[in-house]
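K.L.:
Sequence first, predicted model second:
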Amino acid sequence: MDLERHEYDVVVVGAGGAGLRAAIEASESGARTAVVCKSLLGKAHTVMAEGGIAAAMANLYPEDNWRVHFRDTMRGGKMLNHWRMAQLHAQEAPDRVRELEDWGALFDRTPDGLISQRDFGGHRYARLAHVGDRTGLELIRTLQQRTVALGIDVYMECTVTRLLTDADGITGAFGYWRESGRFVAWQAPSVVLATGGIGKSYKVTSNSWEYTGDGHSLALQAGATLVNMEFVQFHPTGMVWPPSVRGILVTESVRGDGGVLRNSAGNRFMFDYIPDFFRKETAETEEEADRWYDDKRNNRRPPELLPRDEVARAINSEVKAGRGTPHGGVFLDIASRRSAEYIRKRLPSMYHQFRELAEVDITAEAMEVGPTCHYVMGGVEVDPDTQAARVPGLFAAGEVAGGMHGSNRLGGNSLSDLLVFGRRAGLAAAEHALQRTGRIALDDDALADAGRAALAPFEREGGENPYTVQHDLQQTMHDLVGIIRTAPEVQQALERIAALRQRVADLSVEGHRQYNPGWHLALDLPHMLLVSECIAKAALEREESRGGHTRDDFPATDAEWARTNLVCSRAPDGSVALTRQPLPQMPHELAEIFEEVPA
Ligand SMILES: Cc1cc2nc3c(=O)[nH]c(=O)nc-3n(C[C@H](O)[C@H](O)[C@H](O)COP(=O)(O)OP(=O)(O)OC[C@H]3O[C@@H](n4cnc5c(N)ncnc54)[C@H](O)[C@@H]3O)c2cc1C
């Protein structure tokens, strides 16, 4: 087999915020480091992040600190977060933001010249460090510049299709160049997965084409475990019109900067959907909610800024009750509440997005918005301090890792997660590689097998087109394992996924290996199916509603489930096995925080 070979200490799969931060740390720790990514460097999903990076820097509110951020994060995740990850994240995020600034990131400023921080749902204080509504672009630009300056090797437009292991753990990875279709293998004792999320398994999503769950699936197939897979975040505000742009994100900053949600009767309906869990900290009247924007100490937050799961469910209910907009969403209105100049300055991307894609001027009229699949809370089960997965030498950071966000992620907590845990993963991966004794080698049979599997769709004739199968999977997940779930529907989804697996095994692609998107999708589909099976199995098992998992047949939270994680692993016959695992016990000194900070 024609195969290009390379050797490193650490191979990072993914060049988003988590991957680049991990690579920088590994390289600075003395490890020979490479980054592999499906798209061009700088094009990762992180670049799309709009609102900002959550970090308790206390630039606007001196009373903000890591303890308040920790509490907000845990409450946002409905207490299912791994307490240690939430603690490290809250403690280390401010340093990671300052470090970005040292490396050249240019943040928006407060009048005093400090890094500006904006409001987002579920955060008690204005906490998101930002660059207009293009924060991800600045984050990636800064990390990319440093990656290049450190001389880290980058393999762009290169897809990893398999992790390679021996009895002692990771030995490397196998993949192909997207342009030429030629195979490539990297020998390395440490691999960091930083491949992002799974949104492309759903029909309506804010996610880009890269989000096919590769890292989740590669980890599972290599013997690692996935945790919390039933929790998928539907962001409340995606575009609903025109159909070609359905799902594209409308940042939460619109609401953080004063935008409100209204139904077709013009009512600010979120006041009707305040759950008891958040009642004490949420405004009861429009007057109090509006005062909060100028005086946060003496007023409570508007209900539009409840955590995303609450707002998404409320919008879903309004539309179902017949109070939606002509195109099946609700209205998001900032035009009547802020000046055109303010909107254009604070939300430049949103202004352009609606003008270009929907011919709507958001400084003059309301937007139409509705829920869109946005983020997966579930991911590779990792050690909170090192991000090590269960397979020695395998690490995961960023959206592909699980545990940090519990059942629901707060806005802004992903970009900070990438920086905090990307750094930790890179450090631990380098340590593992530098400490591992004895030579590792890539097994020729395993390489030949990976090559055969990749070429199999060319060998079959007359099979189905991969695009049809992808469409059917997306429709299944949208209809049956979406924002509201029931046991019969999820069971039906599992049956359809089993049938789709058979269709994937039979599909064929035409043409040759040079840039062939149909072939690329044929290789992505098994990942999408495996991840969808994990989501559906866990969604069926968890008989309660919590965060990003709503069961119509079990609408309440359940005390027993509050103590339980669901963990997916690969059974010997290749199917997904599910086990219940007790939640890690939070130490007393952290549990006390929930009493000391007023709710
Ligand atoms: C529109 C939008 C706005 C957002 N705004 C915010 C925000 O304001 N604040 C916030 O905190 N979060 C935000 N998020 C969420 C956040 O952007 C993501 O969760 C985060 O960027 C994920 O980063 P990552 O490094 O884990 O993955 P990514 O940035 O997606 O990077 C994944 C990388 O893995 C590579 N890859 C994947 N599979 C393979 C493979 N098989 N082989 C090789 N490479 C592979 C990809 O090419 C890519 O380089 C937003 C998300 C969206 C969609």
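P.N.:
Sure, I can see it.
K.L.:
any idea how far residue 281 is from the closest residue in space to residue 310 that isn't next to it in sequence?
P.N.:
Setting aside the residues directly before and after it, residue 310 is nearest to residue 275 in space (CB to CB, 6 or more residues apart in numbering), at 6.1 Å. Using the backbone N, CA and C atoms, a C-beta is placed for each residue, glycine as well. Using CB to CB, to the nearest Å, we find residue 275 at a distance of 11 Å from residue 281.
K.L.:
just residue 348 next, same as before
P.N.:
31 Å.
K.L.:
which of those two has more neighbours?
P.N.:
residue 281 (16 against 13; other CB atoms under 10 Å).
K.L.:
From residue 573, how far out is the more buried one?
P.N.:
Where residue 573 is concerned, residue 281 sits at a distance of 48 Å (CB to CB).
K.L.:
what's the answer for residue 522, then?
P.N.:
In terms of CB to CB, residue 522 sits 23 Å off from residue 573.
K.L.:
got the buried residues for whichever helix or strand residue 494 is part of?
P.N.:
Using DSSP states H and E, residue 494 maps to helix 487-506. Buried positions in helix 487-506, judged by neighbour count with 16 or more other CB atoms under 10 Å: 489, 490, 492, 493, 494, 496, 497, 500, 501, 503, 504.
K.L.:
Can you name the element that comes right after it?
P.N.:
Using DSSP H and E, the first helix or strand after helix 487-506 is helix 517-541.
K.L.:
how close does the residue of the stretch 251-400 of the chain found nearest the ligand sit to residue 423?
P.N.:
Evaluated by CB to the nearest ligand atom, the stretch 251-400 of the chain has residue 398 as its residue closest to the ligand, separated by 2.5 Å. Distance of residue 398 to residue 423, computed by CB to CB: 11 Å.
K.L.:
higher neighbour count, these two?
P.N.:
Neighbour tally, residue 398 and residue 423, criterion other CB under 10 Å: the higher count belongs to residue 398, 34 against 23.
K.L.:
Can you name the residues in contact with the helix or strand encompassing residue 477?
P.N.:
In this assignment (DSSP H and E), residue 477 forms part of helix 466-480. Helix 466-480 is contacted from outside by 200-204, 373, 457, 489-490, 492-493, 496-497, 500, 503-504, 507, 509, 518, 521-522, 525, 528-529, 532, 535-536, using CB atoms under 8 Å, 6 or more residues apart in numbering.
K.L.:
Taking this structure, what residue is nearest to the ligand?
P.N.:
For the chain, CB to the nearest ligand atom, closest residue to the ligand: residue 16, 1.9 Å.
K.L.:
Correct me if wrong: residue 552 contacts residue 485.
P.N.:
Yes - Residue 552 sits in contact with residue 485 when judged by CB atoms under 8 Å, with a separation of 6.8 Å.
K.L.:
More neighbours: which of these two?
P.N.:
Taking other CB under 10 Å, residue 552 and residue 485 do not tie; residue 485 has more neighbours (23 against 11).
K.L.:
thinking again about what came up before, residue 522 and residue 573: which has the busier surroundings?
P.N.:
Per other CB under 10 Å, whichever of residue 522 and residue 573 has more neighbours is residue 522, with 26 against 6.
K.L.:
contacting residues for that one?
P.N.:
Per CB under 8 Å, 6+ apart, neighbours of residue 522: 457, 466, 504, 507, 509.
K.L.:
any chance of those in CSV, plus pLDDT and distance to the ligand?
P.N.:
Output for the contacts of residue 522, formatted as CSV (pLDDT from 0 to 100; distance: CB to the nearest ligand atom, whole Å):
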residue, pLDDT, distance to the ligand
457, 95, 16
466, 95, 16
504, 94, 17
507, 93, 19
509, 94, 18
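K.L.:
now, which of these sits nearest residue 169?
P.N.:
residue 504 (29.0 Å; CB to CB).
K.L.:
Could I get the contacting residues of the closest residue to the closest one other than its chain neighbours?
P.N.:
Closest residue in space to residue 504, ignoring its immediate chain neighbours: residue 525 at 5.0 Å, by CB to CB, 6+ apart. Going by CB under 8 Å, 6+ apart, residue 525 touches 212, 466, 469, 470, 473, 504, 507.
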